[in-house]
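K.L.:
Quick one, what's the 3D model for this:
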Amino acid sequence: MKFNIFRYKIVQSTNKTAIRKINSGYENGIVVSEKQSNGKGRYGREWISKKGNLFTSIFFKINKNFNLKKVTSLNCNIIKACLEEFIKKKIIVKKPNDMLINKKKLCGILQETFIFKNEIFMIIGIGINIASSPKVNGYKTTHLNEHLMTKVSKYKLFNSVKKIYEKKLKLFNKCI
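P.N.:
Numbering: from 1, shown residues only. Here you go, the predicted structure:
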């Protein structure tokens with residue numbers, strides 16, 4: 001399945017924008033923005049959105065009997081595999097939804113479900129530090145280009161994420 005692509009210069013958050021697209025009648029899509037003014041992480045924490053990094057949310061319908069642990073594991077494995085296309089260093093999944101290199105956060109995933117017209121939608125927000133990493137008190141961070149000889153563009157990484165989710169989408173409805 002091919003995703004509808006929604007590109008923006010700035011949004012509050014890509015997950016909130018995905019919800020608006022669902023409310024507008026879209027059954028699937030991928031939202032990508034240059035910047036988020038109010039990005040969010042788990043428990044409503046702020047996701048600091050530095051320029052040059054990837055902020056995207058993928059949304060699609062999901063089986064009503066889905067198993068959240070299986071979906072979370074699938075998302076982490078997909079993003080880890082995508083990142084491993086670009087970097088040879090060991091990437092660790094810090095449960096439930098962070099990717100680490102050398103004990104430093106490289107990527108965060110925020111999963112949400114949204115119900116519209118009795119259908120359940122999965123929204124997967126993905127923030128990947130590519131060009132820079134935020135300074136967060138008590139939390140070490142890193143960015144992808146810090147570990148590479150040749151810089152990766154966010155467009156190339158976005159296309160890789162999009163492609164792998166389009167290919168693996170059927171697996172989500174097997175997560176029951």
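
K.L.:
By residue count, what's the longest helix in the chain?
P.N.:
Secondary structure of the chain read by DSSP state H shows that its longest helix is helix 154-172.

K.L.:
which other helices and strands contact it?
P.N.:
Packing partners of helix 154-172 (3 or more Cβ pairs under 8 Å, 6 or more residues apart in numbering; DSSP states H and E): strand 28-36, strand 54-62, helix 68-84, strand 119-128. The way it works is simple: take the backbone N, C-alpha and C, and place the C-beta from them, glycine included.

K.L.:
Point to the residue nearest the middle of this protein.
P.N.:
residue 126 (1.6 Å; Cα atoms, centre = their mean).

K.L.:
Isn't residue 28 up against residue 62?
P.N.:
No. Contact criterion Cβ atoms under 8 Å: residue 28 and residue 62 do not qualify, at 10.5 Å.

K.L.:
can you pull the contacts of residue 135?
P.N.:
Contact analysis of residue 135 by Cβ atoms under 8 Å, 6 or more residues apart in numbering lists residue 141.

K.L.:
Let me see the contact set for the residue nearest to the centre of the chain.
P.N.:
54-58, 79, 107-110, 161.

K.L.:
cutoff 7 Å now
P.N.:
56, 79, 107, 109, 161 (Cβ atoms under 7 Å, 6 or more residues apart in numbering).

K.L.:
which element is the fourth one on?
P.N.:
When elements are defined using DSSP states H and E, residue 109 is found to belong to strand 104-116.

K.L.:
residue ranges with poor pLDDT in this protein?
P.N.:
Residues of the chain meeting the criterion pLDDT under 70: 38-50, 176.

K.L.:
related to what we said a few turns ago, nearest to residue 14, out of the contacts of residue 126: which one, please.
P.N.:
Checking the contacts of residue 126 against residue 14 with Cβ to Cβ, the nearest one is residue 56 at 5.8 Å.

K.L.:
pretty sure that closest one contacts residue 14?
P.N.:
Yes. At 5.8 Å, residue 56 counts as touching residue 14 under the criterion of Cβ atoms under 7 Å.
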